[in-house]
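K.L.:
A structural model of the following input is requested.
(one chain, ligands or ions: 2)
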Amino acid sequence: MIMAPDVLVVGGGIIGIATALELVKFGYSVTVLERDKCGQGASWAAAGMLAPQAEQLQGELLALGIKSRSMYPQWIKEIQEITGLSCGYWCCGILVPCFTPPSNGGSSDYHDRSQLLQRIPELGEKVVGGMWYPDDGQVDNRQLMTNLVLAARSRGVKIMEGVNVTGFDIKNDRLVGISTSQGALQAGHYLLATGAWSRELLPVQVQPRKGQMLSFYDPDRRLKQVVYAPGAYIVPRQNGTIVLGATVEDVGFLPGMTAGGVASLLSNAIGVVPYLADLSIQSTWWGFRPHAPAELPYLGQTKYTNLTIGTGHYRNGILWAPITAHLLTQWILGNHQDPIVSQFRSLLTMAMV
Ligand code: FAD
Ligand code: GLY
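P.N.:
Ligands and ions are numbered 1, 2, ... in the order given. Now for the predicted structure:
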């Protein structure tokens, strides 16, 4: 039996670890329980785009994305100061290419082909113009996860890997403990951050949406911006790796790459950036996005007074990580007057499951 911490976090993905790191800043003792190794779920599989505009988020989710994107430089700085390691954060801009000219001349974000070629000479002939979002960017989500875990550990978060949480022990409106593969554990407060697997523990409507991905290596590092085309996005890392994603499949937790998935990613990407056809393929992988109805994440309150939830981040969990960590921490502290909590209060009180 471990000493009961103030908060037990279930799930060692970006949401669980980022929130644990934020909670210890306020003097809380925090333990994270991860059944596998931390950061091997969707947070490892992702492309790491920070793309509220290119992803065309709307309304409150766009506001959440823009606020979180603005928190990224400071958040990364803090993690890098603790670990001394780069997280591959790069405000490189994202282009959403168009294949036909916009009927109304386009918005102020629209650039025609000749303007785009000055920035991205590698564009294929079918690109006639596109929306250029200079404030969208990327982070190397795998480096970030490694560094977040290091930072959390060095700030006193206890991380227990290989511990499967199997159920909640509920009395009236409170959790009095959880069952795990290593016995029963207790805490003052609990945070559920189990991504696409959340339905195993609570009746949330979170479903997996599989994404297949692959990567190339470009020794010349020619591409310096993300190109977010229909059916394929192309994310060049600063180290020469180019990440290509992703399918969106409603196939449960079916593992593996498919020929059709790879074929469609390659043909969509090569149509937009033809020189990719000459590069060697480095690796392929897949992951499971935590999809929730209307693409709204479950954040904050549940019907159990000492159980908070942070799941259902679907396509934008890397982007939304800093703001989620802030919101969930302030919510757990009971600091409902915090300006960011006030701004997103309606999102925080939706998850009464
Ligand atoms: P996860 O990272 O999946 O972590 C959940 C963790 O909980 C896992 O480690 C799991 O093992 C653990 N767990 C589950 N059940 C239990 C249990 N019972 N006991 C103990 N541990 C448990 N987002 C972006 O912002 N930008 C992108 O470019 C982007 N691209 C993506 C591309 C793909 C192909 C995919 C799949 C996702 C992408 N996303 C992107 C989305 C993003 O990856 C997710 O929204 C985010 O990683 C979710 O984080 P999480 O911590 O909730 O889940
Ligand atoms: N946000 C990119 C993806 O989920 O594929």
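K.L.:
going by C-alpha atoms from here, please, whenever you check contacts or count neighbours.
P.N.:
Noted.
K.L.:
next, the contact list for the residue in the stretch 101-250 of the chain positioned nearest to ligand 2, please.
P.N.:
Closest approach between the stretch 101-250 of the chain and ligand 2, counting by Cα to the nearest ligand atom: Ala246, at 5.0 Å. Neighbouring residues of Ala246 by Cα atoms under 8 Å, 6 or more residues apart in numbering: Gly211, Gln212, Met213, Gly231, Ala232, Tyr233, Leu265.
K.L.:
what about ligand 1: which of these touch it?
P.N.:
Gly211, Gln212, Met213 (Cα under 6 Å from any ligand atom).
K.L.:
mind checking which of those are in strands?
P.N.:
Here DSSP state E is the test, and the ones next to ligand 1 among the contacts of Ala246 give Gly211, Gln212, Met213 as lying in strands.
K.L.:
dump the residues you listed to JSON lines, plus distance to ligand 2.
P.N.:
Output for these, formatted as JSON lines (distance: Cα to the nearest ligand atom, whole Å):
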{"residue": "Gly211", "distance to ligand 2": "6"}
{"residue": "Gln212", "distance to ligand 2": "9"}
{"residue": "Met213", "distance to ligand 2": "9"}
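K.L.:
which among the ones next to ligand 1 among the contacts of Ala246 gets closest to Met3?
P.N.:
Using Cα to Cα, the shortest approach to Met3 within these belongs to Gly211, at 38.9 Å.
K.L.:
the nearest residue to that closest one once chain neighbours are set aside in helix, strand or coil?
P.N.:
Using Cα to Cα, 6 or more residues apart in numbering and skipping residues adjacent in sequence, the residue nearest Gly211 is Thr247, 4.6 Å away. Following DSSP: H, G, I helix; E, B strand; the rest coil, Thr247 is assigned to coil.
K.L.:
tell me the pLDDT of Thr247.
P.N.:
Note for Thr247: predicted pLDDT of 98.
K.L.:
pull the contacting residues for it.
P.N.:
By Cα under 8 Å, 6+ apart, the contact list for Thr247 reads Lys210, Gly211, Gln212, Met213, Gly231, Ala232, Gly261, Leu265.
K.L.:
helices or strands next to the host helix or strand of His326 in the packing?
P.N.:
Taking DSSP states H and E as the criterion, His326 maps to helix 321-333. Secondary-structure packing of helix 321-333 (3 or more Cα pairs under 8 Å, 6 or more residues apart in numbering; DSSP states H and E): helix 14-25, helix 59-83, strand 298-301, strand 307-311, helix 339-343.
K.L.:
relative to Met160, which of these is closest?
P.N.:
helix 14-25 (11.7 Å).
K.L.:
over to Ala193: give its phi and psi.
P.N.:
phi -140, psi 60 (degrees, to the nearest 10).
K.L.:
excluding covalently adjacent residues, which one is nearest to Val149?
P.N.:
Ile17 (6.6 Å).
K.L.:
any weak-confidence spans in this protein?
P.N.:
The model of the chain has pLDDT under 70 over residues 1-2, 105-106, 351-352.
K.L.:
then stretch 212-231 to PDB, C-alphas only?
P.N.:
Listed next in PDB are the C-alpha coordinates belonging to stretch 212-231 (Å, rounded to 0.1, in the frame of the first residue of the first chain):
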ATOM      1  CA  GLN A 212      -2.500   5.500 -39.400                       C
ATOM      2  CA  MET A 213       0.700   7.400 -39.900                       C
ATOM      3  CA  LEU A 214       4.100   7.100 -41.500                       C
ATOM      4  CA  SER A 215       7.300   9.100 -41.700                       C
ATOM      5  CA  PHE A 216      10.000   9.900 -44.200                       C
ATOM      6  CA  TYR A 217      13.500  11.100 -43.800                       C
ATOM      7  CA  ASP A 218      14.600  14.200 -45.800                       C
ATOM      8  CA  PRO A 219      18.400  14.700 -45.500                       C
ATOM      9  CA  ASP A 220      18.100  18.100 -47.200                       C
ATOM     10  CA  ARG A 221      15.300  19.400 -44.800                       C
ATOM     11  CA  ARG A 222      13.700  21.200 -47.700                       C
ATOM     12  CA  LEU A 223      10.200  21.600 -46.200                       C
ATOM     13  CA  LYS A 224      10.000  24.100 -43.400                       C
ATOM     14  CA  GLN A 225       6.200  24.500 -42.900                       C
ATOM     15  CA  VAL A 226       3.400  22.100 -42.200                       C
ATOM     16  CA  VAL A 227       1.200  21.400 -45.300                       C
ATOM     17  CA  TYR A 228      -2.300  20.400 -44.200                       C
ATOM     18  CA  ALA A 229      -4.000  19.100 -47.400                       C
ATOM     19  CA  PRO A 230      -7.300  17.200 -47.800                       C
ATOM     20  CA  GLY A 231      -6.700  13.600 -46.800                       C
END
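K.L.:
perfect, I'm done here.
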